[in-house]
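Enquirer: only geometry, no sequence info:
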Ligand SMILES: Nc1ncnc2c1ncn2[C@@H]1O[C@H](COP(=O)(O)OP(=O)(O)OP(=O)(O)O)[C@@H](O)[C@H]1O
């Protein structure tokens, strides 16, 4: 195990009865990293996280968190904050009471006021959980993960159900936690959030890790795309292009060169390139490629 690894997952397998949900999964998360574990529905992300969180026992393989077994709660729990997909707060408790209760369970020290400010729930301190909106409940879930500023924070689909403003606020809070040195493990179906923020990404499909790397490493194997539409009757550019749904696509590993040629041709022939877009491969494309099989 690497000396700095906060999480070390080595050939993890997890079965539910006859169903093999996680297959020989290995990955490491280094101190201070934001690692995004992404994948298709049912890929096994939550199952893997549940083993890391100490909520589930592996069928085989080794998982270490801070060098300890995650089931050693006394060693690991005070250092790890967890935002589950659903926390199951008691509906009759107020926001303040819920945070205080969770705070006690973490074994970390903090003040309710600071945590509510961090997750932007100060105005709802006295509101019962049953009266919170979906997005407010999600922010209360986030409060449980950040209480006491843990070294490791696990976020399972943290922004699902949040409006754009609340998402931005959550990511701003995550940025501040990272500035303080926190290590973050994240699952999300919002690939652009992972693309923008993750230091490294693991892509899972049907229980296995199909690819792992930085965004650049993952996307450089696929071509960039230039797309545009042409006015009726316009000549076609002398470049290898495909027609998709009435518009033109160029797939290229030489984005700059092909764009230069295309724009030069359009300029010389006086053709307008409508809805012109050019950009590197997005994580969505890598994702589609791994989930085809
Ligand atoms: N308690 C359980 N009993 C039986 N099967 C389960 C159980 N929990 C999960 N599974 C199955 O294991 C597989 C992996 O589920 P998991 O929730 O880990 O996937 P996921 O990658 O988190 O999916 P999603 O993105 O849809 O949340 C799925 O096929 C799911 O139906």
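Expert: Yep, it's here. Values in this document were obtained by computation on a predicted structure and should not be read as measured data.
Enquirer: what does the domain assignment say about this protein?
Expert: Under the assignment automatic domain parsing, the domains of the chain span 5-218, 222-290.
Enquirer: out of the ones you listed, which one sits most buried?
Expert: Compared across the domains of the chain, domain 5-218 shows the largest average neighbour count, a mean of 18 (mean count of other Cβ atoms under 10 Å). All C-beta spots, glycine's among them, are computed from the backbone N, C-alpha and C.
Enquirer: can you tell me the distance between the two ends of that one?
Expert: 22 Å (Cα to Cα, to the nearest Å).
Enquirer: weakest of the domains of the chain by average pLDDT?
Expert: Ranked by mean pLDDT, these bottom out at domain 222-290, with a mean of 88.
Enquirer: and it, is it in reach of the ligand?
Expert: No: interface with the ligand: domain 222-290 contributes nothing (Cβ under 6 Å from any ligand atom), its closest point being 12.0 Å away.
Enquirer: okay, how far is it across that domain, tip to tip?
Expert: Termini of domain 222-290 sit 12 Å apart (Cα to Cα).
Enquirer: off-centre distance for stretch 173-180?
Expert: On the basis of Cα atoms, centre = their mean, to the nearest Å, stretch 173-180 sits 15 Å off its chain's mean C-alpha point.
Enquirer: what about the closest residue to residue 62 other than its chain neighbours, distance to residue 25?
Expert: Once flanking residues are discounted, residue 62 sits nearest to residue 10: 4.5 Å by Cβ to Cβ, 6 or more residues apart in numbering. Taking Cβ to Cβ, to the nearest Å as the measure, residue 10 falls 9 Å from residue 25.
Enquirer: before we move on, the earlier item: pretty sure the residue nearest to residue 62 is in contact with residue 51, am I right?
Expert: No: at 11.6 Å, residue 10 does not count as touching residue 51 under the criterion of Cβ atoms under 8 Å.
Enquirer: that older thread, so for residue 10 and residue 25, which residues contact both of them?
Expert: The contact sets of residue 10 and residue 25 overlap at residue 61 (Cβ atoms under 8 Å, 6 or more residues apart in numbering).
Enquirer: give the helix, strand or coil label for the residue nearest to residue 62.
Expert: Using DSSP: H, G, I helix; E, B strand; the rest coil, the structure places residue 10 in strand.
Enquirer: residues in contact with it?
Expert: By Cβ under 8 Å, 6+ apart, the neighbours of residue 10 are 26, 61, 62, 63, 64.
Enquirer: kindly report the same for residue 139.
Expert: Residue 139 neighbours (Cβ under 8 Å, 6+ apart): 119, 120, 121, 162, 166, 170.
Enquirer: near the ligand, which residues of the chain?
Expert: Residues of the chain lying near the ligand (Cβ under 6 Å from any ligand atom): 16, 19, 21, 39, 41, 42, 43, 44, 45, 46, 47.
Enquirer: mind listing the strands for the stretch 51-200 of the chain?
Expert: 60-65, 80-83, 152-156, 183-187, 200-205 (DSSP state E, counting those that start in this stretch).
Enquirer: format those strands as a markdown table; extra columns: distance to residue 93.
Expert: Listed next are the strands of the stretch 51-200 of the chain as a markdown table, based on distance: least, Cβ to Cβ, whole Å:
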| stretch | distance to residue 93 |
| --- | --- |
| strand 60-65 | 29 |
| strand 80-83 | 18 |
| strand 152-156 | 22 |
| strand 183-187 | 27 |
| strand 200-205 | 35 |
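Enquirer: between those, which one is nearest to residue 257?
Expert: Of all those, it is strand 200-205 that lies closest to residue 257, at 28.1 Å by Cβ to Cβ.
Enquirer: for the closest one, packing partners?
Expert: strand 34-39, strand 208-213, helix 215-219, helix 283-290 (3 or more Cβ pairs under 8 Å, 6 or more residues apart in numbering; DSSP states H and E).
Enquirer: run through who's touching the longest one.
Expert: For helix 283-290, the surrounding residues in contact (Cβ under 8 Å, 6+ apart) are 38, 40, 191-192, 194-195, 201, 203, 205, 210-211, 215, 218-219, 221-222.
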